[in-house]
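[1] When you get a sec, could you give me coordinates for this:
(5 chains)
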Amino acid sequence: LAPVPHDEALRLAVEQDGFVWLGLHEPTEAELAGIAAVYGLHPLAVEDAVEAHQRPKLDSYDDSLFMVLKTARYVEHGALTATSEVVNTGEVMVFLGSHYVITVRHGDHGGLKDLRNSLEGQTDLLRLGPAAVLYAVSDLVVDHFVEVAEAVEDDVEELETSVFSTDRTDDTPRIYQLKRELMQLRRAVQPLEIPLSTLAERPNDLVPDAMRSYFRDVQDHALRVRDQVAGLDELLSNILQAALARISVSQNDDMRRISSYAGLIAAPTLIAGIYGMNFEHMPELSWRFGYPLALLLMAGLCYLLYRGFKRSGWL
Amino acid sequence: LAPVPHDEALRLAVEQDGFVWLGLHEPTEAELAGIAAVYGLHPLAVEDAVEAHQRPKLDSYDDSLFMVLKTARYVEHGALTATSEVVNTGEVMVFLGSHYVITVRHGDHGGLKDLRNSLEGQTDLLRLGPAAVLYAVSDLVVDHFVEVAEAVEDDVEELETSVFSTDRTDDTPRIYQLKRELMQLRRAVQPLEIPLSTLAERPNDLVPDAMRSYFRDVQDHALRVRDQVAGLDELLSNILQAALARISVSQNDDMRRISSYAGLIAAPTLIAGIYGMNFEHMPELSWRFGYPLALLLMAGLCYLLYRGFKRSGWL
Amino acid sequence: LAPVPHDEALRLAVEQDGFVWLGLHEPTEAELAGIAAVYGLHPLAVEDAVEAHQRPKLDSYDDSLFMVLKTARYVEHGALTATSEVVNTGEVMVFLGSHYVITVRHGDHGGLKDLRNSLEGQTDLLRLGPAAVLYAVSDLVVDHFVEVAEAVEDDVEELETSVFSTDRTDDTPRIYQLKRELMQLRRAVQPLEIPLSTLAERPNDLVPDAMRSYFRDVQDHALRVRDQVAGLDELLSNILQAALARISVSQNDDMRRISSYAGLIAAPTLIAGIYGMNFEHMPELSWRFGYPLALLLMAGLCYLLYRGFKRSGWL
Amino acid sequence: LAPVPHDEALRLAVEQDGFVWLGLHEPTEAELAGIAAVYGLHPLAVEDAVEAHQRPKLDSYDDSLFMVLKTARYVEHGALTATSEVVNTGEVMVFLGSHYVITVRHGDHGGLKDLRNSLEGQTDLLRLGPAAVLYAVSDLVVDHFVEVAEAVEDDVEELETSVFSTDRTDDTPRIYQLKRELMQLRRAVQPLEIPLSTLAERPNDLVPDAMRSYFRDVQDHALRVRDQVAGLDELLSNILQAALARISVSQNDDMRRISSYAGLIAAPTLIAGIYGMNFEHMPELSWRFGYPLALLLMAGLCYLLYRGFKRSGWL
Amino acid sequence: LAPVPHDEALRLAVEQDGFVWLGLHEPTEAELAGIAAVYGLHPLAVEDAVEAHQRPKLDSYDDSLFMVLKTARYVEHGALTATSEVVNTGEVMVFLGSHYVITVRHGDHGGLKDLRNSLEGQTDLLRLGPAAVLYAVSDLVVDHFVEVAEAVEDDVEELETSVFSTDRTDDTPRIYQLKRELMQLRRAVQPLEIPLSTLAERPNDLVPDAMRSYFRDVQDHALRVRDQVAGLDELLSNILQAALARISVSQNDDMRRISSYAGLIAAPTLIAGIYGMNFEHMPELSWRFGYPLALLLMAGLCYLLYRGFKRSGWL
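    Alright, predicted model coming up:
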């Protein structure tokens, strides 16, 4: 990766009206400085390309474009827990000039490596110049968004089933966790809307007119994911509200059952209290079967109360 | 459906300044590829037309339009339950050129088949060219939205009646279900706003000026449905809040009743305790009618408490 | 109302540069078809004019305007209940051409009949052509909105007083009902904003420039009502939240009182239990005033507890 | 205030290229009619100027402007209660022509009277024509908004302190009241945004270019108040939620304490019950110190339970 | 700081096509008046520069710009409490002319002092004129926003951990406090969006075209902070809801445990009551091991109930 080959490569590309495609993974400031000098990259763009944690955006300089995309990857996990990592994000930056395209990757996002191989077969597309690579990158990134959104949708459904099942589970921490993870996807998807519509709609020297409908296609997909993410977020809010309500309802149910049981005991206790009184004249006390009758009375009363409580839905 | 007839048909249509109308149901990629070659359809549009689950949109290419519509159908169900399917969605894609119109259907949506028969009678409309078919399709789709929204409105009213009735029912799972189903209708209706206003307002070679007020009419209906759906969603949120509040209120009512009953028992139990004490000098114990008087006292106390609790609204 | 007079009337109006004003109440399709033929009304507009339940809108055709307005009427009712009808809506459609204005009424809305008499006096206004009638109609409709909004404001205040009073009333069903009724008013007012601003701001052959400030005036009023309705809706949400909170608070108050009462009874019951024990050596039992002292102890304990509970705010 | 002087004054103003400044307080329709005739005011504006309760707005007629502003005044009150009036609103209307400015006041709003005196000193400003008066009026009105917002902020802080203090107070009615009063301020501030930006940004014959930055300055202040009001409203919502939550928490605390106390009593009651049993062979009953030991057992049990409950945070 | 040197400095700057950079800290009205006279600053801007508590904004006058920025500083605190100050704000105003830049600081915000030293090294940037200083100031201000937002994020995480831990803590006052502090940051960040986009996008004599991408870079960072702040606010709302729900759930848990314990005691109390009855014929009473058997029965019953309650999750 010495600066000379870059020099040479770029000269060749200009001569033959082709383009250089350079892929970097988390370059150091020094590495990128050398490359920037050869390709004449804008210092602000270079600075952004070294740091990770940029917001998706499209900057256009005099004779080049600089685009930042956030990538998303679904992290396979067993059952969703309150600490499951669900969405991992990385970044891809693209420098686009008339005879070069430089992609810089930060973080882990499968698939971008294979892009080159798959693109090299599509000569029709590559003939449209370096913008074709920008299209291919953004298409791949948005396709990953679609996959992530669909995988998250499965997690949402799992939560939904658990919340509305009759099992008593406290799903709220898991729902909060999924909301947090979904927020990451939203932050990757939402800010991409304006850059993509700019590429699809505004004339630009670096993006041939024939490429514009390709970017519009990517934007369509991005909008679909955005809607899906918004829908999922709303669903999660609904599920959360439902989960909280269910917990409260089931706690109240428990209290009602416990209180009903205590109320059930109170009646025979009163009977026992009555026959424990020390009045001299209490005829029942001397009956032969006074005691068993009293026990029967208690049992009968309990049974009647039990049925009454049952009918009222208290037990 | 061999490619040659297509070829021939299109040639005839161009010669006679008429148009070919082709209707496909879930075509395979291969089927559509043949047709695309004859009619010169754009590859990105063809790709979208094979896959289902597209977002409603309008793409305009050099000499053709491609429109995606989501259709909605109300699923008849008995009483609404927590798992009732209420809204079914499908898709219709329309390719529109100067001498052809191709409709591609995905999923199940009654009525589109009969469209051809009913349109063939309206020669005035058909004379306006293939855009008339696009109008007829979108009109039919939006009319179905109207029907679905009205049917859902009935479901909402049923829920409302149930929530505000004095019967104790847990309607929350049903309300969540209807909210979810309504979200599907909203996803079909909302994104149609911009495509329809584009057709109604922006001049376009493929849509004669005389057709524009037709599309505006469709848009009026679509806006009405959108408002209706938003209103229904808000109503459902209100009903949900009411249902949750009612459940909580009625659970608290139960607890109050149970506690009041237990409190009622506590008073005579105290009396019984008092006359169970073993003091040597308790004159009442040797009274002839001590025991019945004690029982009377207990009953009287219970009655007084009962009336007091009743007056306080506790029982 | 035979078609010939229409014909004749329109001819006269054109000759004398005046205009025909035709008022219809829920016409049948056939009636309107005859009129449409004479005046050359657009078929889509005619279709909309026959059906009720249109969304307020303004359609402009080549040489005519078609406006739909929703009217609102306040329904006098006794005390507001959970089923009170508060807002009744109807519709007025207006066809406007250079020499005619046709108003079509659906549903019941007082006052529109008298409009003609009152307008016939204002020759200055009528001289501005048929648009003056459109102005008068929209002005009257919006004036009714103002009246309805003010009457609803009284209902809201009544609810507010009831919710924040110390009486225990469950106002939630009434609040929901008023929210629902208010939503109807909102649906009549909100969509009128764009049609009115179009009439006030965009040059139009059928609306003389001098009329534009009149429509702006109507729009000012419509905006004021819209703000008022939004404010009322927010107030109702606040009141609802307050009502739900009050119910919950008062239910908890009840529970606390009942439990405190039960707790109060528990202490003397323990005393009674203690003196009901069968130990051989319990000196108090043989005291001359043991029994009255025990009763006194119970009463004293109750009194102390009562004061303690009172001080804690539990009773 | 006879029409002739107006006449004369206006003639003089036109001759000397000065302007007439006329201030009215709640004029009758007749009074204003005379003035309107002299100055040629638009009938719709005159109508608005007679009635109070207009929405803030700016209407521009051929050769005049008509602006409506809502004024706000902070009502000093002792401690904030559920019925405290906090914000009082009035109205100021301004007619602006090339040689006159007419201000009409409705309701009570201190300070506008002194405006004239203070303005008469600022000849630099007055030299810019009648628009300077419009600026001075709107500047004063918005300055009052700032004062009101700051005073309301103090009330909000007082509520906040009360809610988060450990004292038990039901602050919810007071919070609702402040929300209602704040809504009045919002209705005065918010609709002023567009009129002020129109005056600051759109060229207008009646507003010299040099005045535009003055109106922009007023708008800056108005925007700041708007933000402040929105922030206060959000704070009040947060405080309200906190207050409701605190009430619920403290009610639950009470219930827990009462139930714990009752639970505490239950244990010795059981002991008493046990030694009240009538078994022939209960050795403890004949122990010399059986009775004091039983009492000790009860007390010890109570103490242990009390410590356990205390440790669990139940008491 | 006498007026003469200013005069002289400005003359020199104009001659040599350089610029004067003047830094003031909370100047008095008199100090600023002198400076304003020399540099020809607009009186409205000068007025704003004396007062603190301005809203971030950009005013453009004939030949100068005036920008107000709010600065934010993170206040180090130990553990977050309900009264922790977290975000401190100050203000920086910048007057920008063709040959001068004047910065006015209000309140405490570290780092701005060092700006001069660090800028003096960057001659490339300074060569672009006084706008370079405006860029450097806004860049620094926004960089501080980023730092504050990240520090607040740590506080949010600490709260999150505390809320979702199994420890029982009432975190709601701390969450409210952080929400309030975050609102301050939002008020500093949000209104900066439009001024920065104006500097980045609209051509302006005082801002060389080459500087525009610098301002765009600052705006990118500002947008990122804005998104981050919005995300944190949403997270805090979620955490607050979770905290409230957890408190309610744990209070209900306590009640259930207390009630279960009381219910547990009720059963043996009934047994004791039964054997305390005074029937003449109760065979168990004369059994040799009646008493221990009864105690065993009580213990056994308690154990069974305890297991039952445990299984139901009540204890």
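[2] Report the distance from whichever helix or strand residue A:263 is part of to the chain centre.
    Using DSSP states H and E, the element containing residue A:263 is helix A:209-275. Relative to its parent chain, helix A:209-275 has a centroid offset of 18 Å by C-alpha atoms, centre = their mean, to the nearest Å.
[3] and what of stretch A:170-186?
    Computed by C-alpha atoms, centre = their mean, the chain-centroid distance of stretch A:170-186 equals 7 Å.
[4] Now do the buried residues in it.
    Applying a neighbour-count criterion of 16 or more other C-beta atoms under 10 Å in any protein chain shown, one finds A:170-172, A:174-186 buried in stretch A:170-186. From N, CA and C alone the C-beta is placed, and that goes for glycine too.
[5] Mind listing residues that contact that stretch?
    With C-beta atoms under 8 Å, 6 or more residues apart in numbering or on different chains as the test, stretch A:170-186 has contacts from A:72, A:80-87, A:89, A:145, A:148-149, A:152, A:155-156, A:159, A:162-163, A:226, A:229-230, A:232-233, A:236-237, A:239-240, A:243-244, A:247, E:164, E:231, E:234-235, E:238, E:242, E:245.
[6] Just the buried residues of these.
    A:72, A:80, A:86-87, A:89, A:145, A:148-149, A:152, A:155-156, A:159, A:162-163, A:226, A:229, A:232-233, A:236, A:239-240, A:243-244, A:247, E:164, E:231, E:235, E:238, E:242, E:245.
[7] residues touching the residue of chain A found nearest chain B, list them.
    Using C-beta to the nearest C-beta, the single residue of chain A nearest to chain B is residue A:273, 3.1 Å away. By C-beta under 8 Å, 6+ apart, residue A:273 lies in contact with B:268-269, B:272-273, B:276, E:273.
[8] Could you pick out the residues of the stretch 201-315 of chain A near chain E for me?
    A:240, A:244, A:247-248, A:251-252, A:254-255, A:257-259, A:261-262, A:265-266, A:268-269, A:272-273, A:275-278, A:282, A:284-291, A:294-295, A:298 (C-beta under 8 Å from any C-beta of the partner chain).
[9] now stretch A:217-234: mean pLDDT?
    Averaging pLDDT along stretch A:217-234 gives 89.
[10] I misspoke; the intended subject was stretch A:268-284.
    On average, stretch A:268-284 scores 93.
[11] next one: stretch A:134-144
    93.
[12] same question, stretch A:87-95
    The pLDDT scores in stretch A:87-95 average 93.
[13] picking up where we left off before, quick one: which of the buried residues of stretch A:170-186 sit in strands?
    Assignment to strands by DSSP state E places none of those there.
[14] which regions of chain A sit below the pLDDT cut-off?
    A:1-4, A:109-111 (pLDDT under 70).
[15] Centroid-nearest residue for it?
    Centroid-nearest residue in chain A, with C-alpha atoms, centre = their mean: residue A:182, separated by 2.3 Å.
[16] Quick check: buried residues in stretch A:117-137?
    For stretch A:117-137, using 16+ other C-beta under 10 Å, the buried residues are A:119, A:125-126, A:128-137.
[17] how about the contacts of residue A:273 in a markdown table, adding distance to residue D:34?
    Compiled in a markdown table, the contacts of residue A:273 are given as follows (distance: C-beta to C-beta, whole Å):
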| residue | distance to residue D:34 |
| --- | --- |
| B:268 | 87 |
| B:269 | 88 |
| B:272 | 92 |
| B:273 | 92 |
| B:276 | 97 |
| E:273 | 96 |
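[18] Let me know the closest of the residues you listed to chain C.
    residue B:273 (3.1 Å).
[19] Tell me who's in contact with the residue nearest to that closest one when sequence neighbours are not counted.
    Of all residues not flanking residue B:273 in the chain, residue C:272 sits nearest, at 3.1 Å (C-beta to C-beta, 6 or more residues apart in numbering or on different chains). Applying C-beta under 8 Å, 6+ apart to residue C:272 gives the contacts B:270, B:273-274, B:276-277, C:294, C:298.
[20] Looking at the stretch 51-200 of chain A, what residue ends up closest to chain E?
    For the stretch 51-200 of chain A, C-beta to the nearest C-beta, closest residue to chain E: residue A:55, 4.3 Å.
[21] Spatially nearest residue to that residue, not counting backbone neighbours?
    Residue A:55's closest residue in space is residue E:224 (C-beta to C-beta, 6+ apart), at 4.3 Å.
[22] domains for chain A, by residue range?
    Residue ranges for each domain of chain A read A:3-248, A:249-311, as given by automatic domain parsing.
[23] Including distance to residue E:308, could the ones you listed go into CSV?
    Converted to CSV, those look like this (distance: least, C-beta to C-beta, whole Å):
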stretch, distance to residue E:308
domain A:3-248, 16
domain A:249-311, 10
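[24] Please identify which of those is closest to residue B:40.
    Set against residue B:40 and scored by C-beta to C-beta, the domains of chain A come closest in domain A:3-248, at 14.2 Å.
[25] so how far is the closest one off the chain centroid?
    The answer for domain A:3-248 is 15 Å, by C-alpha atoms, centre = their mean.
[26] what does stretch A:278-289 give?
    75 Å.
[27] Show me what counts as buried in it.
    Those would be A:278-279, A:282, A:284-285, for stretch A:278-289 by 16+ other C-beta under 10 Å.
[28] Which residue does chain A have closest to chain E?
    Residue nearest to chain E within chain A (C-beta to the nearest C-beta): residue A:272, separated by 3.1 Å.
[29] and that residue, how far is that from residue B:301?
    Distance, residue A:272 to residue B:301, by C-beta to C-beta, to the nearest Å: 18 Å.
[30] Helices of chain A, residue ranges please.
    Counting by DSSP state H, chain A has helices at residues A:3-15, A:29-39, A:43-50, A:112-121, A:123-126, A:131-164, A:172-189, A:193-201, A:209-275, A:283-286, A:290-311.
[31] what about residue A:216, how many residues close to it?
    Residues near residue A:216, counting by other C-beta atoms under 10 Å in any protein chain shown, number 19.
[32] For the nearest residue to it once chain neighbours are set aside, give me its contacts.
    Closest residue to residue A:216 apart from its sequence neighbours, by C-beta to C-beta, 6+ apart: residue A:200 at 4.0 Å. Residues counted as contacts of residue A:200 (C-beta under 8 Å, 6+ apart) are A:212-213, A:215-216, A:218-219.
[33] Over to the residue nearest to residue A:286 when sequence neighbours are not counted: give its phi and psi.
    Excluding the flanking residues, the one nearest residue A:286 by C-beta to C-beta, 6+ apart is residue E:280, at 5.0 Å. With angles defined as degrees, to the nearest 10, residue E:280 sits at phi -70, psi -30.
[34] who are the neighbours in contact with residue E:280?
    Applying C-beta under 8 Å, 6+ apart to residue E:280 gives the contacts A:285-286, A:290.
[35] do that again at 10 Å, thanks
    Applying C-beta atoms under 10 Å, 6 or more residues apart in numbering or on different chains to residue E:280 gives the contacts A:284-288, A:290-291.
[36] What is the nearest of the residues you listed to residue B:68?
    Of those, the one sitting nearest to residue B:68 (C-beta to C-beta) turns out to be residue A:291, at 84.3 Å.
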